[in-house]
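Student: Sequence and predicted structure, then a few things I'm wondering about:
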Number of protein chains: 2
Amino acid sequence: MASGQDVRAPDVASDATLRARAARVLPWSDGLYGHMGVRGLPAGFPQFHERGDGPLVWDVDGNEYVDLMCSWGPMVLGHHHPIVDEAARDQARRGDALNGPTAAMVELAELLAATADGAAWSMFTKNGTDATTVSVMIARAATQRRYVLAAQGAYHGSAPWCTPRPDGTIFEDRAALEYFEFNDLTTVRAAIARCDADIAAIIVSPFKHDAGFDQELVDQRFASGLRELCDRVGAVLIIDDVRAGFRLDLRGSWAPLGVEPDLTARGKAMGNGHAISAVTGVEALREAATRIYATGSYWYGAVAMAAAAATIKVLRDDDGIEKMHAAGRQLRAGMARQAATHRLAIRQTGPVQMPYLTFRGDVDRQRLSLFAQEALRGGVFLHPAHNWFLSTAHDEAVIDRVLDATDRAFAAVAQQLGPNVEGSAVAR
Amino acid sequence: MASGQDVRAPDVASDATLRARAARVLPWSDGLYGHMGVRGLPAGFPQFHERGDGPLVWDVDGNEYVDLMCSWGPMVLGHHHPIVDEAARDQARRGDALNGPTAAMVELAELLAATADGAAWSMFTKNGTDATTVSVMIARAATQRRYVLAAQGAYHGSAPWCTPRPDGTIFEDRAALEYFEFNDLTTVRAAIARCDADIAAIIVSPFKHDAGFDQELVDQRFASGLRELCDRVGAVLIIDDVRAGFRLDLRGSWAPLGVEPDLTARGKAMGNGHAISAVTGVEALREAATRIYATGSYWYGAVAMAAAAATIKVLRDDDGIEKMHAAGRQLRAGMARQAATHRLAIRQTGPVQMPYLTFRGDVDRQRLSLFAQEALRGGVFLHPAHNWFLSTAHDEAVIDRVLDATDRAFAAVAQQLGPNVEGSAVAR
């Protein structure tokens, strides 16, 4: 790995300095808005970052970490992947925002049609929230119905209809939403009954990845059951694949289950860090997609499209999914061994490419916070309350380096808070 | 101006070919989604574009145009401004999407605080729609009230609460909106009365720029009156400066009137084509801004922030606003002379930096369509149903070149459709 000191800006301010300056000109005094503010995290987490290279990132104080967050998903090939960077630079030399689209838009849509399930057509947007919101609009335009069903606690973006915090929203923003429990068809049927058949869509994540909780894989019967229920009541099945897409399966995250959505919201990993998201849909919804009006000043931006096409091709041609799967298996098995050695009872949940760890009985998250803090001190950047992400740049040697740090982090947890396995005197 | 043939991709497909391919993998058979589809435009308008350079753009068929749309606003310094491009490339070499913000975010917020009115703090987003939606959320969080007042027909984005087309939206999306007429305080007072004082915000464009209509500058009494009414009823005054911002006044588009908004939605021109928008606000709304939850995977993207800071500095240090104003005066005076010569009665409305032209009595837009078509043939890209945009790259020689084309376009209109001045036999 290149140390890359040459590209570090000479006048980099420290994290402490930047936080003090930020407190004046950004709203928050104790961190930043949205999911990237660190105010809820243990002491020591940097707020300001400097650069990335492959699986590594550096904060503004020059600390180097193995990156287990991958920019919260986007960096699926690692930072500065040469093929993606070259595609972006090449397109940037010609044009990015122009008076209309470039050929890159058609090429990306053709690639998705050939690679992804249920992608007869594509619409490109900027935020994951754009993709979920546009999906709901298309479903309502197609069905001429009102209600949308979503899983209780699921994150589908931060527009007023879906943001997890009520401040700034009004009752009407969610008046036509009904909720069910993930993996529980009985609750879906009950939600359908409450809507009196006036259901435009069911929107669902491919697995349960609510922040702050153990992850939960989807049950095959639940996925198939949702498809059947949508067909029966004439509703649109929307998979919100923004967080998991292009990491579990290039076709779409429910393709291995044989369940095809009508609409898929995609984003994050599709552009390896370039700002792009998408809605893809089946032929039957094409006409409805032409009736809604949704647009943005940069939605036709060609650089992100060229980067996305390059990203998907590298993932496809380089067996990217299997690389991430192998790295995930290595990490999961390694941490399981380490935890057992340190007499710590842990749960590792979700797909291995999107790891997440909790400690049994760790109600106040004391163990998890300490673990994250010690991992950070050991040079691994991971999050104590949100799933992590692996990239194709996380090869065996990188995971070994992660495991060195997690072993010391587990040791610190066991030493400072005691073991928590069955029969241990200090189990909590 | 460099011909730049060296940067044109060798395998560029034609517009016709790309349209045929697009019809298969994008929803529309006759054009594209959003404001950049050409299906409503006269024959001859290209759908697919190749590149830009300063004030010039090229379509995929190699046709060169003087760009009077500036990518619908963003290109305020012209395509490939060297300082902006270098700032973006330099930041891209380090990092764009990371696990949190970089110093570029603080620097941009500091620059806005020093440059713009009512910008004690900033939040950065991606779409103009994000900026208007987040503004409304902050206003509702601050006031704990429901209603938002907007001008009838104004464009504030394409989320369900503001998109101009009803398909895919439901009644509740606008249940807490009330409408007034731009420049008519009586209608504002009536709207306030209808809301029973439960008013969170008034959102307003700095001038009336509804697509398809003559533009209308704001009346000083209207602007001051809105400020007074907001103060009296305890509502937040939001200026939607997405389209006009950084082109009329760097402080904000109502600064010359001495009217300071509580919140300003900014976008388009702020990044010279890089995907960024922002909400800036006064100190009194800082706390409310910390209570809402709004975020996006790329909202902390550092490249667009570095580009935006560079753009604003160039505008400030290079007297950019005055450059655009001078170009606008030259274009307006020139077209006025030409129209008179050709015995055509026209209206040129709005700020000169954002020109727009209509023909008197041209109810079916026959004259305007022909004018746009002939301008295009003459090498000038402008839009017959949306205001145009000038950039600092539009110097006197470029405007002369534009005027050559508009003179021939006026001549064609007069010849094919006859003059339309008073007393003319064929006036319509």
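Tutor: Okay, I see it.
Student: Report how many residues lie close to the residue of the stretch 201-350 of chain A found nearest chain B.
Tutor: In the stretch 201-350 of chain A, the residue that lies nearest chain B is A:Thr295 (2.7 Å; C-beta to the nearest C-beta). Where C-beta positions appear, they are placed from N, C-alpha and C, glycine not excepted. Neighbours of A:Thr295 under the rule other C-beta atoms under 10 Å in any protein chain shown: 24.
Student: now swap in A:Glu110 and tell me
Tutor: 18.
Student: what about it, distance to B:Val398?
Tutor: Separation of A:Glu110 from B:Val398 (C-beta to C-beta, to the nearest Å) stands at 37 Å.
Student: Now for A:Thr132: which residues touch it?
Tutor: Residues near A:Thr132 by C-beta atoms under 8 Å, 6 or more residues apart in numbering or on different chains: A:156-157, A:159, A:162, A:203, A:238, A:240, A:242, A:265.
Student: and those residues as JSON lines, adding pLDDT?
Tutor: Shown next, in JSON lines, are the contacts of A:Thr132 (pLDDT from 0 to 100):
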{"residue": "A:His156", "pLDDT": "98"}
{"residue": "A:Gly157", "pLDDT": "98"}
{"residue": "A:Ala159", "pLDDT": "98"}
{"residue": "A:Cys162", "pLDDT": "97"}
{"residue": "A:Ile203", "pLDDT": "98"}
{"residue": "A:Ile238", "pLDDT": "98"}
{"residue": "A:Asp240", "pLDDT": "98"}
{"residue": "A:Val242", "pLDDT": "98"}
{"residue": "A:Ala265", "pLDDT": "98"}
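Student: ok, which pair from those is furthest apart?
Tutor: A:Ala159 and A:Ile238 (14.5 Å; C-beta to C-beta).
Student: higher neighbour count, the two?
Tutor: Shown here are A:Ala159 and A:Ile238; by other C-beta under 10 Å, A:Ile238 has more neighbours (29 against 24).
Student: Which element, helix or strand, includes that one?
Tutor: strand A:236-240 (DSSP states H and E).
Student: For that strand, name the packing helices and strands.
Tutor: Judged by 3 or more C-beta pairs under 8 Å, 6 or more residues apart in numbering or on different chains; DSSP states H and E, the packing partners of strand A:236-240 are helix A:128-143, strand A:199-204, helix A:220-233, strand A:263-266.
Student: May I have the phi/psi pair for A:Gly95?
Tutor: phi -170, psi 150 (degrees, to the nearest 10).
Student: what's the neighbour count on it?
Tutor: 26.
Student: where does the closest residue to it other than its chain neighbours land in three-state SS?
Tutor: Using C-beta to C-beta, 6 or more residues apart in numbering or on different chains and skipping the chain neighbours, the partner closest in space to A:Gly95 is B:Arg51 (4.2 Å). Using DSSP: H, G, I helix; E, B strand; the rest coil, the structure places B:Arg51 in strand.
Student: One more: A:Tyr65?
Tutor: strand.
Student: Could I get the full set of helices for the stretch 201-350 of chain A?
Tutor: A:220-233, A:286-291, A:302-317, A:320-341 (DSSP state H, counting those that start in this stretch).
Student: Provide the contact partners of the shortest one at residue level.
Tutor: The reference is to helix A:286-291. Looking at what lies outside helix A:286-291 - C-beta under 8 Å, 6+ apart - the contacts are A:120-121, A:123, A:138-139, A:141-142, A:279, A:281, B:27-28, B:33, B:165, B:167-168.
Student: switch to 7 Å and redo it
Tutor: A:120-121, A:123, A:138, A:141-142, A:281, B:27-28, B:167 (C-beta atoms under 7 Å, 6 or more residues apart in numbering or on different chains).
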